[in-house]
Each structure stands twice: as C-alpha cells, then as structure tokens.
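Student: Need coordinates for the following:
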Amino acid sequence: MKSKFNFSFLLILTVVNLFIGCDRKRLDQKTVLEIEHSIKISLADLDQYIYDNFYDKIYRNKSEAYHKALDPIIISRLKCLDFFARNLNNDVQLMQGIQRNINEELTVRYFENEYIDKYTNEEYVRSIYNQMNKEVDYRKIVIYKPNNATIAQLDSLKKLASDIKNRAERKADFGQLVKQYSQDEASRGRGGYMPPIDWKKGISNQIDNLVFNLKPDEVRILEDNNNFVIIKITNIKKVKLESFSNIKNKLTVILRGRYISQSLAEFDQDKAELLDTLKVVWNEKALDQLIKWSEIPNFFGGIYKDTLQSAVSNNRNLTIFTYPDGQVDIKECLRLMNDILIFNPKTKILNKEDLKNYFIEAFRSAKIVQKARDLGLEQEVFNQYTNNPNITFKIVDLYDQAVIRSQIPEPTDSALHEFYQTVKDSLYYKPEKINLYAMIFPDKAEAERIWAKVQQGIPFEKITNRYFVKTFIKDRNGEIKSYFSTEPPFLGEAAFQLKETEVAGVIEYNDPKKGMQYAVIKCAIRSPEKQPSYDEARKTIIKDFQDYYNSKIYQEVNRELRKKYHVKIYENVIAKAIKPTRKK
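Tutor: Purely as a prediction, here's the structure:
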C-alpha cells in the first residue's frame with residue numbers, strides 16, 4: 001500500500017511540474033514590452049538580456065532587475081525608430097560608420113538564404129519528415145584498412161568487399177560471411193546485427209543517413225577513411241511520429257547542424273569562382289606603394305583614408321590589378337577597406353602575397369555583398385525594427401553621434417569658465433573624507449578581546465583578515481554621511497575624531513536591524529576638504545565639460561523619445577514572472 005501511495009504521489013507531482021513547466025513556457029512567450037504596436041519583446045527576450053548583461057547578478061531583487069533591464073532595451077529600440085524617422089539612414093557621411101557592419105551581416109544573411117535555408121526551409125524539412133516514420137534493422141561486415149595502406153592493398157580490399165557483397169546478394173548466409181570476414185569484434189559477436197537506425201540517427205551523420213535510406217534486403221558497400229563496410233538491410237518497420245508541428249523546430253535544428261559543413265563548403269566553392277586568380281594581372285608598382293604606405297604609423301587605424309583619398313585627388317589613382325571584366329584601383333581599394341574588409345589596425349604588411357590575398361578576399365566578399373543586395377536582403381538586415389544586436393549597437397552609436405554629441409557646445413575659454421562656476425560646488429568640491437577599517441561584533445566581550453590585542457601592540461590588519469571598509473564624508477554644513485552607501489553613518493562621528501592610522505575601540509552603536517553592535521576601528525586615509533580653483537580643474541575640465549553636456553542632452557533626448565513614441569510595459573507579466581513558485 002505504501003509503495004502504491006508513493007507511486008501515486010510521484011505521478012501527481014510529475015503532472016503538477018509538467019503543468020508548471022507548461023505555464024512557464026507560455027509565460028515566456030508573453031509580451032512584456034510593446035513599442036509603437038509593432039515592436040514586441042517577450043519575457044524570454046528580457047530574461048536573455050538580463051542573463052547576457054549580468055543584471056541578475058547586479059540586482060538581487062528580481063523586480064528591480066527586470067525594470068533596470070527594460071530601460072536600455074526601450075531606449076535602444078526608440079533610437080533605432082527615430083534614426084529612420086529622422087532620415088539619418090540617408091546621410092551618406094554618417095552611414096560610412098555602419099556600412100561595413102551592414103555588409104558583414106549581409107554576407108551572413110546571404111549564406112543563410114542561399115545555402116542553409118535550402119536544407120532548413122519548411123518544404124525540405126517536411127520532405128525529410130515524410131521519410132522518418134520508419135526504423136531500419138541491418139547487419140554489417142567491417143574490413144579495416146591498414147595504416148598507411150598502399151594503393152595495391154586498398155584495391156585488394158575493395159575487390160574482397162565487392163566479392164562479399166556479390167555473395168550476399170546471391171543469398172549466401174550473411175551470418176557465415178560475418179564470421180569469416182568481419183574484423184569488428186563487437187558486431188561479429190552479434191552476427192553482424194546492429195542497433196536499429198531511427199530518424200535521429202538517420203540524419204546525424206552521412207553513413208547512418210545512407211543506411212537509413214536503403215531498401216529492404218539491399219546490400220551496399222560503404223567506405224570511410226578507416227574501413228570498408230558491407231551493409232545488408234534486414235528489416236524496415238513503420239513507427240509512429242510526433243506531429244510535424246511538434247517536431248518541426250527540433251528537426252530544423254538537427255538539419256542545420258547536419259548540413260552546416262556542407263553548406264560552408266558550397267559557399268566557399270561558389271565564392272572562389274567569383275574571381276579566377278589565374279586571370280588576375282597585378283600591378284607590382286601599385287603593390288609596392290601600398291606596402292610603403294602601410295609602414296606609416298596607425299595606417300590601418302585610420303590614416304589610410306586620407307592617404308588613399310589624397311592619391312586619388314592628385315591623379316595618382318593607380319590600378320592595383322585587372323581581371324577579365326574590369327579592374328581594382330586605389331579608389332576601389334578605399335571603398336573595400338571602408339565598407340568590406342579592413343586590416344587589423346596594428347597590421348604591418350610583410351610581403352606582396354599578403355596584400356594579394358587581401359584583395360582577392362575583399363573583392364570576392366564585395367561580390368557576395370552585391371548578390372545579397374540584388375536579392376533584396378539589405379532591407380531584412382538594416383531597418384528600424386532590426387533584432388540584430390550588432391546593427392542595433394551601431395545604429396544607437398550613430399544616433400548618439402548625430403543627435404546627442406553634435407549638440408555638445410564648443411569648449412571655449414568662456415564656456416569652460418562659465419561651466420566651472422556652475423558646477424564647482426557639485427563637481428569639483430571635495431568634502432573632508434575618511435576611509436575607515438572596522439571590525440564589528442554583536443558581542444561586546446569579543447570586541448573587547450580584539451581591542452585588548454590592539455593595545456598590546458598587534459597591528460590592526462594582522463589581528464584578523466576580515467574587516468569592513470567604510471567611507472564617510474563631512475559636508476560644508478558639518479553633516480557626516482556614508483559615501484556611496486545607503487547605510488546610516490553609524491561610525492562616522494567616531495571616525496572623524498581619529499587622525500590617519502589612529503585606532504579606536506570599543507565603539508558602541510545601535511543598528512535598528514541588528515541591534516547593539518561593537519566595533520574596533522582604524523582611520524586608514526583622511527583627505528581634507530578642498531575646493532580646487534579653475535586652474536587646478538583645467539587638467540580635466542574639457543572632458544568634464546563634454547561628459548556633463550553629453551549626460552544632460554542624453555537625458556533630454558531620452559525623455560523626448562519616450563514622449564514621441566508609444567511604449568507599454570506589461571507589469572502583469574513581470575508580476576507573474578517574479579512571483580515565487582510554491583513548492584508542495
């Protein structure tokens with residue numbers, strides 16, 4: 001009876017957990033943020049953002065983590081919308097800052113569209129699904145290839161495998177053939193019988209895929225780097241599958257993994273055919289000049305732009321190489337470096353072969369980018385609703401450049417003097433400050449024991465390796481405050497009675513949360529009150545000026561964006577997400 005009860009309890013618990021899991025899965029797909037009724041962020045998206053940016057580590061309170069993470073998501077999305085609304089995407093000069101990123105993503109999208117998609121689109125996935133409702137039983141004979149086998153040895157083994165295949169097709173006892181020829185101990189002990197191949201194995205690798213698609217009683221020789229394998233299909237039985245809608249996503253992921261290497265090989269082959277290197281004629285003089293330019297410090301870090309543009313403007317637009325349909329000159333080189341493929345900023349070209357390899361790769365990449373544009377893929381990559389994190393990051397940066405940083409005033413002498421007068425009390429004034437070491441105990445006797453050791457001459461830091469570091473400031477009004485902490489300045493008054501390196505104890509205070517506490521303290525560093533003059537502030541004032549206005553304009557722009565566009569946060573979804581799961 002007890003056993004039956006336990007089984008029933010486990011069954012109920014399993015069902016409950018299943019429902020909880022289903023509920024959470026449904027909740028993950030719920031919209032938690034909606035912008036302009038067109039951009040929707042799910043709870044799963046928000047959770048991923050929190051995980052990727054460590055908000056779960058920074059904010060222990062789940063509600064705070066969710067709301068803190070929503071803010072940058074909202075702002076970045078609004079800036080993407082406003083970037084296009086302001087027509088900044090048609091600003092040629094501004095767009096130079098993102099064109100290479102767009103082209104890189106276009107290459108990825110072209111690969112997905114033209115190579116991966118043909119193995120993962122719904123039509124192909126369904127065709128595979130329609131062949132999956134079976135399980136294949138088979139036997140095998142394995143003949144090993146010797147290490148470093150000669151051509152004659154391999155030919156001999158191929159002939160042996162062919163003879164075995166012919167005998168099997170003529171209905172020879174396959175079990176006897178296994179005993180006589182198979183060198184694989186594991187399968188030979190089972191008469192050559194192998195575990196059946198289902199659809200998962202059938203699409204996991206090429207050999208299993210071939211076996212999975214053979215017909216009943218069919219005999220086939222398969223070869224890999226190490227073996228010749230004679231396969232005979234003994235039985236094919238029908239099996240029931242999950243519905244296509246249930247298995248589609250899982251099958252798509254498996255097919256993607258199955259065909260990624262093949263797709264990359266096809267892509268590389270097609271890309272190589274975009275330029276026949278045997279028909280390229282190089283201009284050695286132009287290559288020599290480029291190598292000489294590359295020796296200029298920071299050439300690939302940005303100097304190349306002015307250098308190459310100057311050459312073009314001064315009628316020195318050298319042809320770098322020609323090919324049957326055209327040529328690449330210095331002007332085109334500038335475009336390739338700006339928009340397609342850039343060297344590492346620290347690169348120094350060592351020889352012409354490195355340079356030639358660069359141009360071949362950049363030229364072919366440019367052709368791929370153009371093919372992607374011809375297919376209309378740019379609109380999928382670069383638009384106001386993009387989900388691509390790299391493109392989003394660049395759009396936001398360009399938006400800040402055009403809308404925020406462009407509004408920062410010029411740091412003229414008069415502007416800097418005015419700025420100093422405005423912020424000297426808030427930014428430059430340094431109140432008296434103390435960095436304090438504190439050993440704190442809830443037991444007075446323990447604190448007195450530690451204090452006795454200090455009085456015996458034992459250095460504070462050597463008594464224990466555990467002590468708190470607290471910082472206090474005293475403002476112009478003489479009020480003592482904790483610095484960068486929300487904790488009340490319990491030890492502040494005692495701290496300001498100490499000179500630097502001086503130790504005191506036992507200090508008693510009442511913490512409303514912990515009760516009476518007892519401390520032994522040491523003044524580690526004491527910094528005097530100071531009001532730097534304008535001349536003293538000059539070392540950092542330009543950066544301070546720019547940071548101040550950048551922050552001020554940033555906040556103003558963010559407020560205006562929130563007014564301009566409709567933003568809705570679904571607090572009920574967040575409330576459900578942070579609600580603790582009750583354990584039975």
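Student: burial measure for the closest residue in space to residue 133 that isn't next to it in sequence, as a count.
Tutor: Spatial nearest neighbour of residue 133, excluding adjacent residues (C-beta to C-beta, 6 or more residues apart in numbering): residue 241 at 5.2 Å. Any C-beta I mention is one placed from the backbone N, CA and C, and that applies to glycine too. Residues lying near residue 241 (other C-beta atoms under 10 Å) number 15.
Student: How much space separates residue 241 from residue 71?
Tutor: 46 Å (C-beta to C-beta, to the nearest Å).
Student: before we move on, what about residue 499?
Tutor: 45 Å.
Student: Comparing those two, which residue is more hemmed in?
Tutor: Taking other C-beta under 10 Å, residue 499 and residue 71 do not tie; residue 71 has more neighbours (10 against 7).
Student: Please name the nearest non-neighbouring residue to residue 567.
Tutor: The nearest residue in space to residue 567 (C-beta to C-beta, 6+ apart) is residue 35, at 5.4 Å.
Student: Can you point out the buried residues in the strand or helix carrying residue 418?
Tutor: Under the criterion of DSSP states H and E, residue 418 resides in helix 413-423. Residues of helix 413-423 classed as buried: 416, 419, 420, 423 (neighbour count, 16 or more other C-beta atoms under 10 Å).
Student: which helices and strands sit right next to that helix?
Tutor: Applying 3 or more C-beta pairs under 8 Å, 6 or more residues apart in numbering; DSSP states H and E, we find helix 413-423 packed against helix 534-537, helix 541-564.
Student: could you dump the ones you listed to JSON lines with distance to residue 492, mean pLDDT and mean neighbour count?
Tutor: Converted to JSON lines, the helices and strands packed on helix 413-423 look like this (distance: least, C-beta to C-beta, whole Å; pLDDT from 0 to 100; neighbours: other C-beta atoms under 10 Å):
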{"stretch": "helix 534-537", "distance to residue 492": "28", "mean pLDDT": "92", "mean neighbour count": "13"}
{"stretch": "helix 541-564", "distance to residue 492": "29", "mean pLDDT": "95", "mean neighbour count": "15"}
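Student: what would those look like in a markdown table with distance to residue 284?
Tutor: Below are these laid out as a markdown table (distance: least, C-beta to C-beta, whole Å):
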| stretch | distance to residue 284 |
| --- | --- |
| helix 534-537 | 57 |
| helix 541-564 | 48 |
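Student: Poorly predicted segments of the stretch 301-450 of the chain, please.
Tutor: 347, 349-350 (pLDDT under 70).
Student: Please, where are all the strands along it?
Tutor: Under the criterion DSSP state E, counting those that start in this stretch, strands of the stretch 301-450 of the chain are mapped to 319-323, 326-329, 432-441.
Student: circling back: which one of the helices and strands packed on helix 413-423 lies nearest to residue 381?
Tutor: Proximity to residue 381, assessed across these by C-beta to C-beta, is greatest for helix 541-564 (23.5 Å).
Student: For the closest one, output the C-alpha coordinates as CSV.
Tutor: Below are the C-alpha coordinates for helix 541-564, written out as CSV (Å, rounded to 0.1, in the frame of the first residue of the first chain):
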residue,chain,number,x,y,z
ILE,A,541,37.8,70.3,-17.3
ILE,A,542,37.3,69.8,-21.1
LYS,A,543,36.4,66.1,-20.6
ASP,A,544,34.3,67.1,-17.6
PHE,A,545,32.5,69.7,-19.7
GLN,A,546,31.8,67.3,-22.5
ASP,A,547,30.7,64.5,-20.2
TYR,A,548,28.4,66.9,-18.4
TYR,A,549,26.6,68.1,-21.5
ASN,A,550,26.6,64.6,-23.0
SER,A,551,24.8,63.3,-20.0
LYS,A,552,22.4,66.3,-19.9
ILE,A,553,21.5,66.1,-23.6
TYR,A,554,21.3,62.3,-23.3
GLN,A,555,18.6,62.5,-20.6
GLU,A,556,16.7,65.2,-22.5
VAL,A,557,16.7,63.2,-25.7
ASN,A,558,15.6,60.1,-23.9
ARG,A,559,12.7,62.0,-22.3
GLU,A,560,11.6,63.3,-25.7
LEU,A,561,11.8,59.9,-27.3
ARG,A,562,9.5,58.4,-24.6
LYS,A,563,7.0,61.2,-25.3
LYS,A,564,7.3,60.8,-29.1
